[in-house]
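Visitor: Below is the sequence, then the predicted model.
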Amino acid sequence: MLYSSIAGSPSIKDKGGLVQSFNGTKNALSNSLIGNNGIPIVFDEFSMNEMSTEALSSFTYEVTQNRGRLRLDKESVRKDPGSWSTTAMSTGENSIISRVNQNEGLRVRLFEFPRIQWTKNAEHADRLKKGLLNNYGFIAPIIAKKMIDYGPTAILNMLNDNKEELLKMLPENRLTSRIALKLAQILTAAELFEETFEIRLSVEELTQMLIDQEKESMTEREMAPKFYNRLRQYIIQYRKNFKIQDKPSIQYQEIWGRIETRSGKTYCYILPVIFNKIAKEFNFTDTRILLNELKSMDVLMHDKNKIQKKKLIFSKDEVHFREGLTGKAGFAEKGDYTICIVYGEELFNELVS
């Protein structure tokens, strides 16, 4: 409510207000942004939305790319998708990140700030709400005038200075520069507010909040480490579907691969069709990028010039399992290509001992 009130009505009941329900289709929500240039918008209560993972991910990309999806009309003529240039905020008790695809491209466009107490208490929140519903729309025009007085070069210098300061404090990884630029926009807005209204904000506390948020998000955002850890638990849960070391075979429902230990490490050979199924279940849509990231972590064993590793999974008595999963008939004397993920031996002692 406070965010939207700087430029317009923060009431979801006002037809021309800047707060609208998240309870809508992807196309309807995207269309509501068209023509919005520089005006904050709030999608209220994310938990009301019932979009699929794919639709929600697509919507998130559209919002951050400032352009709708290309479409054709009934005459097969390309329609203008519409564009905007704004920052959208959402409220809700549930996490958007947990519902979208776990691609890094989304994770550097979408920021969540959980477990932060924005108001002192319920009474404080109620007074703030009542005040904003009666006084709104004054701040943005005044700041806009200040920005015009400064000119684009000065604003850009402020942004770059804040980015450089953040780069000194943020944990370093390959996404740090992109993250710093986005967070610098928040600090630049705070700086402009201070200089416009001569009101001092707790910029140091704000900066620390952004850094703490990034530290918390960094591990979650890293695609390969996150998948690597979740896969470990998945394999433990479905260990009966894997052949384990040299133990005698049992009556498998399906054979998904093989687990072996040697030289202090555990090797999990997973059939590609199963690996792709697991990745999809975890909302990782691009397995090619995922495998390359796992390779860069040095946890993917593969044949020369390949991303996969050949391994004998099925015996001569199990060709029906092989055909059912891979679509290939007969016995593969040299084995089948697998995705081989390497873990420390201690992770799977209960499986291979």
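Guide: That came in fine, so what should we check first?

Visitor: From now on I want contacts and neighbour counts done on CA atoms only, so please keep to that.
Guide: Noted.

Visitor: Flag the shaky bits of the stretch 151-300 of the chain, pLDDT-wise.
Guide: Low-confidence segments of the stretch 151-300 of the chain (pLDDT under 70): 219-221, 246-252.

Visitor: As a check, name the ranges of all strands in it.
Guide: Here the stretch 151-300 of the chain has its strands, by DSSP state E, counting those that start in this stretch, at 242-244, 257-262, 265-270, 300-301.

Visitor: How about residues contacting the very next helix or strand once past the shortest one?
Guide: So the one you mean is strand 300-301. Next helix or strand after strand 300-301 toward the C-terminus (DSSP states H and E): strand 309-311. Under the criterion C-alpha atoms under 8 Å, 6 or more residues apart in numbering, residues 269, 301, 302, 303, 334, 335, 336, 337, 338, 339, 340 lie in contact with strand 309-311.

Visitor: so the second one touches residue 338, yeah?
Guide: No. Contact criterion C-alpha atoms under 8 Å: residue 301 and residue 338 do not qualify, at 9.8 Å.

Visitor: What separation is there between the most centrally placed residue in the chain and residue 4?
Guide: Centroid-nearest residue in the chain, with C-alpha atoms, centre = their mean: residue 107, separated by 3.1 Å. Here the criterion is C-alpha to C-alpha, to the nearest Å. By it, residue 107 lies 24 Å from residue 4.

Visitor: Which positions in the strand ranked longest in the chain come out as buried?
Guide: Secondary structure of the chain per DSSP state E: the longest strand is strand 336-344. Neighbour-count burial for strand 336-344 flags 336, 337, 338, 339, 340, 341, 342, 343 (criterion: 16 or more other C-alpha atoms under 10 Å).

Visitor: Same list, those residues, but as TSV with pLDDT and distance to residue 100 please.
Guide: Shown next, in TSV, are those (pLDDT from 0 to 100; distance: C-alpha to C-alpha, whole Å):
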residue	pLDDT	distance to residue 100
336	93	33
337	94	30
338	96	28
339	96	25
340	96	27
341	96	25
342	95	27
343	92	28
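
Visitor: could these go into TSV alongside distance to residue 75?
Guide: Putting these into TSV (distance: C-alpha to C-alpha, whole Å) gives the following:
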residue	distance to residue 75
336	49
337	47
338	47
339	46
340	50
341	50
342	54
343	55
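
Visitor: That's all I had, so thanks and see you.
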